[in-house]
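Chemist: Provide a 3D model corresponding to the input given below.
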Amino acid sequence: MSGKPTDPVARFWRKVDKNGPINLDLGPCWQWLGKPHRSGYGRHKAADGVVYAHRFSYELNVGPIPEDLQIDHLCRNTMCVRPDHLESVTGKENVLRSDAPTAIHARKTLCDAGHPLSGDNLHVYKIRATGTFGRRCRACGAERAREYRARRAVAA
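Modeler: Residues are numbered from 1 along each chain as shown. Here you go, the predicted model:
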């Protein structure tokens with residue numbers, strides 16, 4: 001070894017394969033070849049410590065990430081570092097774009113029985129334990145209440 005520090009930018013590019021998996025809408029991903037973090041995102045040793053590779057790429061190629069924003073992978077490939085596959089978004093937007101249960105539920109426009117989750121049929125309620133909000137179908141709630149009252153009437 002020469003003893004002088006390795007340039008983090010040059011080291012970064014040595015770990016990028018620009019012929020990664022193809023996204024039909026966006027083109028080929030630039031696949032990070034370095035070791036992934038247990039979270040599934042690439043890691044890179046930069047001048048100021050270990051950072052996520054996609055964030056390093058965004059800052060290198062696009063610019064600083066605003067303090068209140070996160071980087072979302074438009075290609076859904078967490079090991080991709082291609083700048084035009086990355087977008088700075090709010091944490092809420094990042095979660096809602098994901099396949100997490102919360103995001104899937106938030107995108108629903110109909111309840112499981114097929115009633116619309118909108119207008120007068122939508123009941124928004126606060127979840128005490130988390131302070132967040134949930135959504136319920138009023139028609140299904142009314143049906144459950146009728147069934148409950150019928151069971152109680154029979155039992156009485």
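Chemist: beta partners for the nearest residue to K35 once chain neighbours are set aside?
Modeler: Leaving aside its sequence neighbours, K35 sits nearest to R43 (Cβ to Cβ, 6 or more residues apart in numbering; 6.3 Å). C-beta coordinates here come from the backbone N, C-alpha and C atoms, glycine included. When bridges are assigned using DSSP bridges, the partners listed for R43 are Y52.
Chemist: L86 too?
Modeler: Going by DSSP bridges, L86 forms beta bridges with H73.
Chemist: look up how far H73 lies from it.
Modeler: Going from L86 to H73 by Cβ to Cβ, to the nearest Å gives 6 Å.
Chemist: list residues touching both of the two?
Modeler: In terms of Cβ atoms under 8 Å, 6 or more residues apart in numbering, L86 and H73 are both contacted by the residues 54, 80.
Chemist: what's the closest non-adjacent residue to L74?
Modeler: Nearest non-adjacent residue to L74 (Cβ to Cβ, 6+ apart): H85, at 5.2 Å.
Chemist: contacting residues for the one you found?
Modeler: Counting by Cβ under 8 Å, 6+ apart, H85 has contacts 23, 26, 29-30, 73-75, 77.
Chemist: which residues in the protein form strands?
Modeler: With DSSP state E as the definition, the chain shows strands at residue ranges 16-17, 22-23, 27-28, 31-32, 43-46, 49-52, 70-73, 86-89, 122-126, 133-137.
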